[in-house]
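K.L.:
the following comprises the amino acid sequence and a computationally predicted model.
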Amino acid sequence: MRREGEPRIRPFPERGGLAPMSKTTPATLALARAGIVFEIVAYDYDPHARRIGLQAAEAIGVLPRQVLKTLMAAVDGKPVCVVVPSDAEVSMKKLAVAFGGKSAAMMKPSDAERLTGYKVGGISPFGQRKPVPMAIDERALQEERVFINGGRRGLQILLKPADAQAALKARAASLAA
């Protein structure tokens, strides 16, 4: 029997008769090169979901705080990447402070896609086209394992949050509003 917060993992389900989703992305390749232990979990992505991270948590069958969302922002005009629990909102003031800046703003989706090489809904902090400073919300580090986007819509990577932080060289900070 599955306990609350334990994933309902269905690795690479057949999707309406289509071939299974590829598990190789720049994100998975970057983690493999870094020697990070991870699992890949596919889920049914809903392109109409209002909050993608919450929809992923529901589809996988875990608590929203266990699914981390990847957000691209700018601090004092310079790009940064932020990883926070899907049930949290980022405080722009805390984000600016975390990177030693004065102001922060979310990046336009088109700019985030161009910078990372990923599509919105599939942006991963791992294997981005251009490396940028990273931060992970300190609450995420309290979880045993977390899910982070694997670089494709409907694909999550399950790993220890400390491993994610190490692979990203991310600073831990209080980022939630």
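P.N.:
Sure, I can see it. Residues are numbered from 1 along each chain as shown.
K.L.:
make it CA atoms for all contacts and neighbour counts henceforth
P.N.:
Fine.
K.L.:
just give the nearest non-adjacent residue to Gln165, would you?
P.N.:
With CA to CA, 6 or more residues apart in numbering as the criterion, Gln165 has its nearest non-adjacent residue at 6.9 Å, and that residue is Ile136.
K.L.:
mind listing the residues bridging to that neighbour?
P.N.:
Counting by DSSP bridges, Ile136 is bridged to Val83, Ala172.
K.L.:
kindly provide the distance from it to Ser110.
P.N.:
23 Å (CA to CA, to the nearest Å).
K.L.:
these two - which one has more neighbours?
P.N.:
Ile136 (28 against 10; other CA atoms under 10 Å).
K.L.:
any idea how far Ala173 is from that one?
P.N.:
Distance of Ile136 to Ala173, computed by CA to CA: 6 Å.
K.L.:
then Glu58?
P.N.:
To Ala173, Glu58 is 26 Å away according to CA to CA.
K.L.:
looking at the two, which has the bigger crowd around it?
P.N.:
The neighbour count for Glu58 versus Ala173, taken as other CA under 10 Å, is higher for Ala173 (19 against 16).
K.L.:
assumed Lys130 was part of a helix.
P.N.:
No. With DSSP: H, G, I helix; E, B strand; the rest coil as the criterion, Lys130 is located in coil rather than a helix.
K.L.:
returning to that earlier point: my guess is the residue nearest to Gln165 contacts Val82, does it?
P.N.:
Yes. Counting by CA atoms under 8 Å, Val82 is a contact partner of Ile136 at 5.9 Å.
K.L.:
show the contacting residues for Met107.
P.N.:
Residues in contact with Met107, defined by CA atoms under 8 Å, 6 or more residues apart in numbering, are Met72, Ala73, Ala74, Pro79.
K.L.:
and for Gly151?
P.N.:
Residues in contact with Gly151 (CA under 8 Å, 6+ apart) are Thr25, Pro26, Ala27, Thr28, Tyr118, Gly122, Ile123, Ser124, Phe126.
K.L.:
now, which of those lie within helices?
P.N.:
Pro26, Ala27, Thr28 (DSSP state H).
K.L.:
the first one: how many residues sit nearby?
P.N.:
Yep, that's Pro26 we're talking about. Around Pro26 there are 19 residues (other CA under 10 Å).
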